[in-house]
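Visitor: Using only what follows, build the 3D model:
(chains A and B)
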Amino acid sequence: MELKEFKKGNFLVINLIGRVDTSNYTELEKKIIEFIDGGEKEIVVNFSDLVYMSSSGLRVLLMALKKITAIGGKFHLCSLKENIMEIFEIAGFTSIFSIFNTIDEAAK
Amino acid sequence: MDLSNVKIMVVDDEVDLEPLIRQKFRHKIRNDEYNFVFAHNGLEALAKLIEHPDIGVILSDINMPEMDGLTLLLKLKELKNPSLKTVVVSAYGDMDNIRTAMNRGAFDFLTKPINFEDLEITINKTLEEIWQQRNAMKEHDQLISIQQDLSVAREIQQAILPKTFPPFPNRKDFDIYASMVAAKEVGGDFYDYFMIDNDRLGFVIGDVSGKGVPAAIFMAVSRTLIRATGVKGMPAGECLHYVNNLLCNESVSCMFVTVFYGIMNMKSGELEYTNAGHNPPYILSHDGSLIKLEATGNTILGCFEDHIYNTKKIQLNPNDDLFLFTDGVTEAFNKQGEIYTDERLEKLLLSVNNLPVNEIVNKIVNDVDQFAQGVPQSDDITMLNIKYFG
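Guide: Numbering: from 1, shown residues only, chains lettered A, B, ... in the order given. Model (predicted):
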């Protein structure tokens, strides 16, 4: 997994690249907590270059969603590939997360 | 590791040595790079070791009153402390004593008169060696604790899963078989089944997000709550609603579990179920067709308090199989990084519906194994099959 972030207006866009699985989800967890504790209140996670996410990755996203919602911020996801969208659908997460087609829509 | 934590003890009966060393190394002492302790014979040195357990390097003279350097070396050897290194200081050309000292475990030697440049190199080299050894020991300890963590998690998981098949040998109206192949890092999969009354079988398959002991404990709690609630016989959705609210109090940093919970009525053939974010199970119909069980529109357990879990019902026919699995099956990876996929599972399931329960499960276990080509599992691979005879 690789992680690249950039600012787009008030939003911090996090590009997730590669795979998020049991071997590296703690890295993602640490980074996202760092961003939130560092004062980021509006985050977009861009999935366009992510090929796989395991349930441990989903847990990190849930935690981030709860943390940001608690401080009145926004946590948006965008550009989910079909196979990852399916994992979200099975887990019943499509109604819990705000999911957008593009970064532009997510960071509006 | 900070090397200034490692103290250097100088053992010599010459009282002039202490001020000389303090003068020569004054910068390093002031910068906290070297931290000296002084003793004047072997006995005093042993006493100082107790007083300063952080001593790592010992610079010892050989000829001293009370206890000489060679005897001190023997005593130090008895302490069996691998990160305690002794450098002996001997008269130039005193090869016999130097050889004896080395044989007794001295790390290095210096000759008198002391060349302070050489002394500094020797001290640094010895400190470096101690640093490496302590690091290796730390890593070793961490590894042991990780291994213990994993074996505790594995024990919890193994103790929970029922493994006697057939589980209800007197029942001719249904049969059950299950398999769980644990990943090295123990993913937290589980399955369970129990009779609610004479007609109804409650059954569950689940997957906890996370690994190790916390996931294993969360799994044990989930399984116990579902069983204790399930045997009361309330509708499937109500049961998970109750369990979810209890788990929300237990969940640390959003640990969650995906669960499929079903109740099969062996008298009427009715199956009622609710699906909390788990992979949908399949019905392998007696006529050879395959039905994916419709979702109930619900999400995982352990995160959203008061979420309402819906119950759906479907009618089974005699000789239908219900096949439940975790994502360790469909998300198994091979060497090329490809995943097993639902499609491959479905294709195989279409060809096995007339087989006994254990053969159905074992066929799929073997196919996933063949597909993975020896790539280590990243997740537990778990399946549960229930055949309804009617």
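
Visitor: Any residue of the helix or strand hosting residue B:204 touching chain A?
Guide: Following DSSP states H and E, the helix or strand that holds residue B:204 is strand B:200-208. Yes: under the criterion of C-beta under 8 Å from any C-beta of the partner chain, strand B:200-208 makes contact with chain A via residue B:207. Bear in mind the C-beta positions are built from the backbone N, C-alpha and C, glycine included.

Visitor: next helix or strand past that strand?
Guide: Sequence-wise, the next helix or strand downstream of strand B:200-208 (DSSP H and E) is helix B:212-230.

Visitor: picking up where we left off before, quick one: list the elements packing against the strand holding residue B:204.
Guide: Contacts defined by 3 or more C-beta pairs under 8 Å, 6 or more residues apart in numbering or on different chains; DSSP states H and E place strand B:200-208 against strand B:189-195, helix B:212-230, strand B:257-265, strand B:320-325, strand B:381-388.

Visitor: Could you report the neighbour count for the one residue in the stretch 251-390 of chain B that gets nearest to chain A?
Guide: In the stretch 251-390 of chain B, the residue that lies nearest chain A is residue B:299 (3.1 Å; C-beta to the nearest C-beta). Neighbours of residue B:299 under the rule other C-beta atoms under 10 Å in any protein chain shown: 22.

Visitor: right, and it touches residue B:308 too?
Guide: No: using C-beta atoms under 8 Å as the test, residue B:299 is too far from residue B:308 to be in contact (10.6 Å).

Visitor: so what's in contact with those two at the same time?
Guide: Counting by C-beta atoms under 8 Å, 6 or more residues apart in numbering or on different chains, residue B:299 and residue B:308 have no contacts in common.

Visitor: tell me the centre residue of chain B?
Guide: For chain B, the residue nearest the mean C-alpha position is residue B:150 (3.2 Å; C-alpha atoms, centre = their mean).

Visitor: element containing that residue, please.
Guide: helix B:116-160.

Visitor: going on from the worst-scoring helix or strand of chain B on mean pLDDT, what's the next piece of helix or strand?
Guide: Using mean pLDDT, DSSP states H and E, helix B:116-160 stands out as the lowest-scoring helix or strand of chain B, at a mean of 86. On the C-terminal side of helix B:116-160, the closest following helix or strand by DSSP H and E is strand B:174-181.

Visitor: ok, the nearest residue to residue A:47 once chain neighbours are set aside - contacts?
Guide: Closest residue to residue A:47 apart from its sequence neighbours, by C-beta to C-beta, 6 or more residues apart in numbering or on different chains: residue A:80 at 4.6 Å. Taking C-beta under 8 Å, 6+ apart, we find residue A:80 in contact with A:47, A:88, A:99.

Visitor: among these, which one has the lowest pLDDT?
Guide: Here the lowest pLDDT out of the contacts of residue A:80 sits on residue A:88, with 94.

Visitor: Tell me how many other residues surround residue 8.
Guide: Going with chain A. 15.

Visitor: hmm, I had chain B in mind actually
Guide: 20.

Visitor: is the residue sitting nearest the centre point of chain A in a bridge, and if so with what?
Guide: Taking C-alpha atoms, centre = their mean as the criterion, residue A:45 is the residue nearest the geometric centre of chain A, at 3.6 Å. Listed by DSSP bridges, the beta-bridge partners for residue A:45 are residue A:14, residue A:77.
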